[in-house]
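S.K.: I would like to see how this sequence folds:
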Amino acid sequence: MFGLAVILIMGVYLLISIAVVCGMVRTARKNGRNAKLLGWSAALVMYLIPFWDWLPTVATHQYYCATEAGFWVYKTVDQWKQENPGVMETLVANKGAPSANGAYILNKRFNWVVKKGGAFPFNRWRWEQELVDVKTGEVLARYVDFSTGNGNIGGPDVPLKFWLQSEHCLDGERNNSLMRQFKDSVKGEQP
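M.R.: The predicted structure follows:
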């Protein structure tokens, strides 16, 4: 149903745009002006009304995905186990992983810190997750991703400008899965 409404609205907007361009061309010819220049100018304005932020949003998202997004392991679980012999076997997973200021307490030794930043220009959001050793404050792994879009301003599950929605960077889902696997490997025994 939503798709049909979108197609209908886009069709009406296209018809209005064609009428505006034709009207500008007709007016230009009647007044001895450059019809081609005014016609293309009107078409550009009608295009920019809904899509003015599309190219900057995509370019900004691609830039931050290329320069800041990714998944990094600073210390593997095996390295941590070598530095802390016998500790991993004593860890018990925290039931429900209660949150304190964006930090989910996985067990007595590890926190999973989730940070959300934004909205930055062009409706860009930064998502960051870290796995932190509570005792040393050392970050074992980090995952950074970016999303774009204006959320569901049009109602539940209906983004107003759906063409701006991008939930992850190109490898974002894979990197999120790698972070989840890494986090699960240090949770400890289930109670």
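S.K.: what average pLDDT does stretch 10-23 get?
M.R.: In this model, stretch 10-23 has an average pLDDT of 90.
S.K.: how about it: buried residues?
M.R.: Taking 16 or more other Cβ atoms under 10 Å as the basis for neighbour counts, the residues of stretch 10-23 that come out buried are 17, 21. C-beta: built from backbone N, CA, C; applies to glycine.
S.K.: give me the distance from that stretch to the chain's centre.
M.R.: Its chain's C-alpha centre lies 33 Å from the corresponding centre of stretch 10-23 when counted by Cα atoms, centre = their mean, to the nearest Å.
S.K.: contact partners of it?
M.R.: Applying Cβ atoms under 8 Å, 6 or more residues apart in numbering, the contact partners of stretch 10-23 are 39, 42-43, 46-47, 50.
S.K.: go again with 6 Å.
M.R.: 39, 42-43, 46 (Cβ atoms under 6 Å, 6 or more residues apart in numbering).
S.K.: hmm, which of those residues are the buried ones?
M.R.: Among the contacts of stretch 10-23, those classed as buried by 16+ other Cβ under 10 Å are 39, 42-43, 46.
S.K.: and the two most separated of those?
M.R.: Using Cβ to Cβ, these span at most 10.8 Å, a distance reached by 39 and 46.
S.K.: closest to residue 176 among the contacts of stretch 10-23?
M.R.: Using Cβ to Cβ, residue 46 is the member of these that sits closest to residue 176, with 38.8 Å.
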